[in-house]
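[1] How does the following fold in three dimensions:
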Amino acid sequence: MEVSSFSTCCRSLQQSPSEALLLKRTWFPKWDQVHLFPVKRAFRPLVGQVGRLTWKQDHSQVLNCQLKEVPVIEAGSMDEIYDTLAERLVPIATAESNPNFKYIIGLCGPPGAGKSTVASEIASRVNKLWPQRSSCLDSQVESPEVAIVLPMDGFHLYRHQLDAMKDPEEAHARRGSPWTFDPERLLRCLTNLRNEGSVYVPSFDHGVGDPVEDDIFVSLQHKVVIVEGNYLLLEEEIWRDVSSILDEKWFIDVDIEKAMQRVLRRHVSTGKPPDVAKWRIDYNDRPNAELIIKSKKKADLIIKSVDF
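    Residues are numbered from 1 along each chain as shown. Below is the predicted model:
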């Protein structure tokens, strides 16, 4: 196992009050106790980690003419990555005493990246680890979940909203593009969650093809919220405001051809003929994926995808 050291992004010494607040909310010294947080000294060996798990730096991104170093995590299996990221998040849930506290992570990636699987696996592992780390739990009482997944799919526009557009046929054909979502509503939900500590959010019924209202409840007991979706890192209009409310932004890096093969299999498994599935990918999924991959430069952490 190899772990490299890396430094944080360059920041101005003169910070505005809002920047200072962001730093106060984002940086958790306890993360260093599991040796997975970027610090200025070299890492000690990761506790309890085996295999080919490595941390790297992505030096290819330049922002405002300054080099931005982004940690990259990769391993021989996704299970190793799930375990590592869960270990990284558990100290946050155990350290905060504020009942309204939420640590909101945006998990982004193109179609076929495996966002839903990654989010649910990490949340599940956090919930299993937390009772072992929390000193406030009674061993006789079943521990509540502290991590939950909030899927962006619930913020699709309804089919009747697509029907009301200028070109309904095009709107349905391009469903899944940024303009077929309701980012304003997503922003309101995340803002309410941040301010009030709990919120009801919609899920998405793939059988019906529409959101299901108030199907997910993010409660006060949830400390880690993983928001997973395609466009969380876009810089355009309201998406920029959605991105700014996230404490951390993770991006699943996957070869676009591999991702499109996964999407093709998914389309065919839902009953689409292969030629229709391929047309759908060329007309909608691939253009969306190319746009999403461009947003990778906004990520705080890059996860290298491994075949499941």
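[2] Residue 267 reaches residue 279, doesn't it?
    No: applying CB atoms under 8 Å, one finds residue 267 not in contact with residue 279, separated by 9.8 Å. All C-beta atoms are positioned from the backbone trio N, CA, C, and that covers glycine.
[3] neighbour-wise, which of these two wins?
    Taking other CB atoms under 10 Å, residue 267 and residue 279 do not tie; residue 267 has more neighbours (19 against 14).
[4] The more buried one - nearest residue in space that isn't next to it in sequence?
    In space, not counting the residues next to it along the chain, residue 267 is nearest to residue 277; the distance is 3.6 Å by CB to CB, 6 or more residues apart in numbering.
[5] Residue 149 is in contact with residue 121, isn't it?
    No: Residue 149 is beyond contact range of residue 121, at 9.8 Å (criterion: CB under 8 Å).
[6] In terms of packing, which of the two has more residues around it?
    More crowded of residue 149 and residue 121, by other CB under 10 Å: residue 149, with 22 against 19.
[7] give me the element that one is part of.
    strand 147-151 (DSSP states H and E).
[8] Tell me how far that strand lies from the chain's centre.
    9 Å (CA atoms, centre = their mean, to the nearest Å).
[9] Three-state assignment for the residue nearest the centre of the chain, please.
    With distances taken as CA atoms, centre = their mean, the residue of the chain nearest its centroid is residue 107 (1.1 Å). Put simply, residue 107 is strand when judged by DSSP: H, G, I helix; E, B strand; the rest coil.
[10] How about it: what's its closest non-neighbour residue?
    Using CB to CB, 6+ apart, the nearest residue to residue 107 is residue 228, at 4.3 Å.
[11] ok, now which ones touch the one you found?
    By CB atoms under 8 Å, 6 or more residues apart in numbering, the residues touching residue 228 are 106, 107, 108, 115, 116, 118, 119, 149, 150, 151, 152.
[12] got JSON lines for those, with pLDDT and distance to residue 193 too?
    Listed next are the contacts of residue 228 as JSON lines, based on pLDDT from 0 to 100; distance: CB to CB, whole Å:
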{"residue": "106", "pLDDT": "98", "distance to residue 193": "13"}
{"residue": "107", "pLDDT": "98", "distance to residue 193": "16"}
{"residue": "108", "pLDDT": "97", "distance to residue 193": "18"}
{"residue": "115", "pLDDT": "96", "distance to residue 193": "19"}
{"residue": "116", "pLDDT": "95", "distance to residue 193": "20"}
{"residue": "118", "pLDDT": "97", "distance to residue 193": "21"}
{"residue": "119", "pLDDT": "97", "distance to residue 193": "16"}
{"residue": "149", "pLDDT": "98", "distance to residue 193": "13"}
{"residue": "150", "pLDDT": "98", "distance to residue 193": "8"}
{"residue": "151", "pLDDT": "97", "distance to residue 193": "14"}
{"residue": "152", "pLDDT": "97", "distance to residue 193": "14"}
